[in-house]
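Undergrad: Below: sequence and its predicted model.
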Number of protein chains: 2
Amino acid sequence: MSLTTHADAVAAREVLARLPKHHGPVRTPLLPVGDGTRPLLLKPESLQPTGAFKLRGALHATAVLDERTRSRGLVTYSSGNHARAVAHAGRVFDVPTTVVVPHSAPGSKVAAARSLGAEIVLVDVAERERRAREIAAENGAALIPPFDASAVIAGQATVGLEIAEDLRARGVSEATVLVPVSGGGLISGVGAALSGADVRTRLIGVEPELAADTRQSLRAGRRVDWPVRARTRTIADGLTAQPSELTFAHLAAFVEDVVTVTEEEIAEAVGYLARGPGLVAEPSGAVTTAAWLHRTRELPDTTTVAVVSGGNVDPALLVSSLGG
Amino acid sequence: MSLTTHADAVAAREVLARLPKHHGPVRTPLLPVGDGTRPLLLKPESLQPTGAFKLRGALHATAVLDERTRSRGLVTYSSGNHARAVAHAGRVFDVPTTVVVPHSAPGSKVAAARSLGAEIVLVDVAERERRAREIAAENGAALIPPFDASAVIAGQATVGLEIAEDLRARGVSEATVLVPVSGGGLISGVGAALSGADVRTRLIGVEPELAADTRQSLRAGRRVDWPVRARTRTIADGLTAQPSELTFAHLAAFVEDVVTVTEEEIAEAVGYLARGPGLVAEPSGAVTTAAWLHRTRELPDTTTVAVVSGGNVDPALLVSSLGG
């Protein structure tokens, strides 16, 4: 199994730069927070056109398909932001998209994929990957998995390239980078990109305490399976998947540790991001800020980068996090 | 009276680039919104460390003071974001700051300036400029006006440089740029920067219907005074000042028109920006998006840039705009 590299990230960025600008990924800045005594820099992937980093991987994986395969359409399985990202990619390349969604998926995220023209197939959560593979086989369509594919990881890796560049431009020579972990596609890519960058970074994953399978797996040195019913208790609806063999290999190679945060800390961080930096974050995107706020003693005492991975929050949850 | 130029904007950017990176202005991106049929690009100045573009002008005006003057401290008058920006500048340069604030100023904005170490002097709104000048004279401190100064306008002009660069990078050759208007410092600077840029732009101001003094003034060809009581009816608490002679001269030179939006449209735009692009905007920052949403027929049919000038919204107002 070959790991994604810094060179793969650079190549992915070049592919993404050739897309129509209104529909490609945004080059997100680092946003400084606080008075500098404990420097925090937010990487607001919530500002992507589909509201999450997932756009990078989905567009890259779609762009590198051969044209004939791509013309037969895209298929994926996802409960949220990846579905929307693939639907967006289908629209950019003008090909049909089918998204297999579990009945439990957040309604607003499913609606977003549908409004981009994707066909929605609802199934039981345990069935979703199998059903997506079936549809791909039936139609000859291309499967764009949410994380278990090198082309997807390479797209997400462009987040890491941008972080490294901006740290260098700021004169920061050493930093801790916090990334939410679910299936592990984002942190795998960020790790690959940072591994070849000329900035010293320590890569730390963040999980909800209620879905801390990856922390347990990394400490055990092998993938530990948590039942779906356990993993889906958290309000961080985008962090309920588990690493694949491929992403776990990246995690083992690149990730120093995983810290966990509580449900209350996640909700509080959603409110903090809205009131302070002015970012609407979804719970899954706010876990890294929650870790910075509440896990100080578990984190290295360096400049910290927190990837805010997405912003597609239920308005009612945002309102309650603001004390409304 | 000499107008700020494109060259002044370029020089200001160089000054700002030499500041400590954690405290200088963020290079904000353009954020594409929608499916591209009516392309909108948001310029989210709400993401600045103090939550508004005001940081640019305040830091630039402070940076270009001679060191001896600066060491005696900074004084300003403002009801909100400029106060916070000057307090921030005082902290960056480690000099004392006094902010003269009207009793009517939003409590949260005053608290933000105070928490940055500024001394707050509360006065009647009609007294604030006079009192600030008095304090400056007494202490030998430097007055940093909210808009009526070339060094402030040149700092705000860096917003325009970035817009022009990013439009060019996107291959957009013609665009309409929407900027909120109050005292006119931001739109003066943006106009100066765009006047020397190699992108064809039409600069349009946006005001609340309830504080539309500038629209009336531009159409009359001379400054028309609206009583404070009239101008302060709007929820856009940052848009209640009027252009000075200096900024009005810039407006006359650079601004094609001013459109107005209603209170309901402003509140709706605050909700739209939070639910869609994921930006927390204050009413004053949301007026340009409100114009894009509701004044289609008054705007040229080109790519539109909407400057979201600030994000320091009262959480209760954000909640109500989200239907909470």
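TA: That came in fine, so what should we check first?
Undergrad: Now do the end-to-end distance for stretch A:275-288.
TA: Start-to-end span of stretch A:275-288 (Cα to Cα, to the nearest Å) is 16 Å.
Undergrad: what separates it from the chain centre, distance-wise?
TA: Counting by Cα atoms, centre = their mean, to the nearest Å, stretch A:275-288 is centred 14 Å from the centre of its parent chain.
Undergrad: do the same with stretch A:266-283
TA: In terms of Cα atoms, centre = their mean, the centre of stretch A:266-283 is set 17 Å apart from its chain centre.
Undergrad: buried set for stretch A:127-136?
TA: In terms of neighbour count (16 or more other Cβ atoms under 10 Å in any protein chain shown), stretch A:127-136 has its buried residues at A:R128, A:E129, A:R131, A:A132, A:I135, A:A136. Every residue, glycine included, has its C-beta placed from N, CA and C.
Undergrad: Pipe these into JSON lines and attach secondary structure, distance to chain B and pLDDT per row.
TA: Conversion of those to JSON lines gives the following (DSSP: H, G, I helix; E, B strand; the rest coil; distance: Cβ to the nearest Cβ, whole Å; pLDDT from 0 to 100):
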{"residue": "A:R128", "secondary structure": "helix", "distance to chain B": "27", "pLDDT": "89"}
{"residue": "A:E129", "secondary structure": "helix", "distance to chain B": "29", "pLDDT": "91"}
{"residue": "A:R131", "secondary structure": "helix", "distance to chain B": "28", "pLDDT": "96"}
{"residue": "A:A132", "secondary structure": "helix", "distance to chain B": "25", "pLDDT": "96"}
{"residue": "A:I135", "secondary structure": "helix", "distance to chain B": "25", "pLDDT": "96"}
{"residue": "A:A136", "secondary structure": "helix", "distance to chain B": "26", "pLDDT": "96"}
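Undergrad: What is the most widely separated pair among these?
TA: The largest separation in the buried residues of stretch A:127-136, counting by Cβ to Cβ, is between A:R128 and A:A136 at 12.6 Å.
Undergrad: Around chain B, pick out the residues from the stretch 151-300 of chain A.
TA: A:A169, A:R170, A:G171, A:A274, A:R275, A:P277, A:G278, A:L279, A:V280, A:A281 (Cβ under 8 Å from any Cβ of the partner chain).
Undergrad: Identify the residue nearest the first one in space, chain neighbours excluded?
TA: Counting by Cβ to Cβ, 6 or more residues apart in numbering or on different chains, the nearest residue to A:A169 once its immediate chain neighbours are dropped is B:K21, at 7.7 Å.
Undergrad: Next: the second one.
TA: Nearest-residue entry for A:R170: B:K21, 4.2 Å, with adjacent residues in sequence omitted and distances by Cβ to Cβ, 6+ apart.
Undergrad: secondary structure class for that neighbour?
TA: Classification of B:K21 by DSSP: H, G, I helix; E, B strand; the rest coil places it in coil.
Undergrad: Which residues are in contact with it?
TA: For B:K21, the contact set (Cβ atoms under 8 Å, 6 or more residues apart in numbering or on different chains) comprises A:P32, A:A169, A:R170, A:G171.
Undergrad: on that earlier part again, drop anything exposed from the residues of the stretch 151-300 of chain A next to chain B.
TA: A:R170, A:A274, A:R275, A:P277, A:G278, A:L279, A:V280, A:A281.
Undergrad: The first one contacts A:L30, correct?
TA: Yes: counting by Cβ atoms under 8 Å, a contact exists between A:R170 and A:L30, whose distance comes to 7.3 Å.
Undergrad: Mutual contacts of those two, please.
TA: A:L41.
Undergrad: Which strands or helices does the helix or strand bottoming out on mean pLDDT in chain A pack on?
TA: Least confident element among the helices and strands of chain A, by mean pLDDT, DSSP states H and E: helix A:107-115 (a mean of 87). Where contact means 3 or more Cβ pairs under 8 Å, 6 or more residues apart in numbering or on different chains; DSSP states H and E, helix A:107-115 is packed against helix A:81-92, strand A:97-102, strand A:119-123.
Undergrad: Take the residues of the stretch 151-300 of chain A next to chain B and write them to a markdown table, including distance to A:G80, pLDDT and secondary structure.
TA: A markdown table is the format used below for these (distance: Cβ to Cβ, whole Å; pLDDT from 0 to 100; DSSP: H, G, I helix; E, B strand; the rest coil):
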| residue | distance to A:G80 | pLDDT | secondary structure |
| --- | --- | --- | --- |
| A:A169 | 33 | 95 | helix |
| A:R170 | 32 | 94 | coil |
| A:G171 | 37 | 94 | coil |
| A:A274 | 20 | 97 | helix |
| A:R275 | 25 | 95 | helix |
| A:P277 | 23 | 96 | coil |
| A:G278 | 23 | 97 | coil |
| A:L279 | 18 | 98 | strand |
| A:V280 | 15 | 98 | coil |
| A:A281 | 14 | 98 | coil |
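Undergrad: Go through the residues you listed and name the one nearest B:V305.
TA: Using Cβ to Cβ, A:G278 comes nearest to B:V305 of those, at 18.7 Å.
Undergrad: Isn't the closest one up against B:A52?
TA: No: contact criterion Cβ under 8 Å: A:G278 and B:A52 do not qualify, at 9.5 Å.
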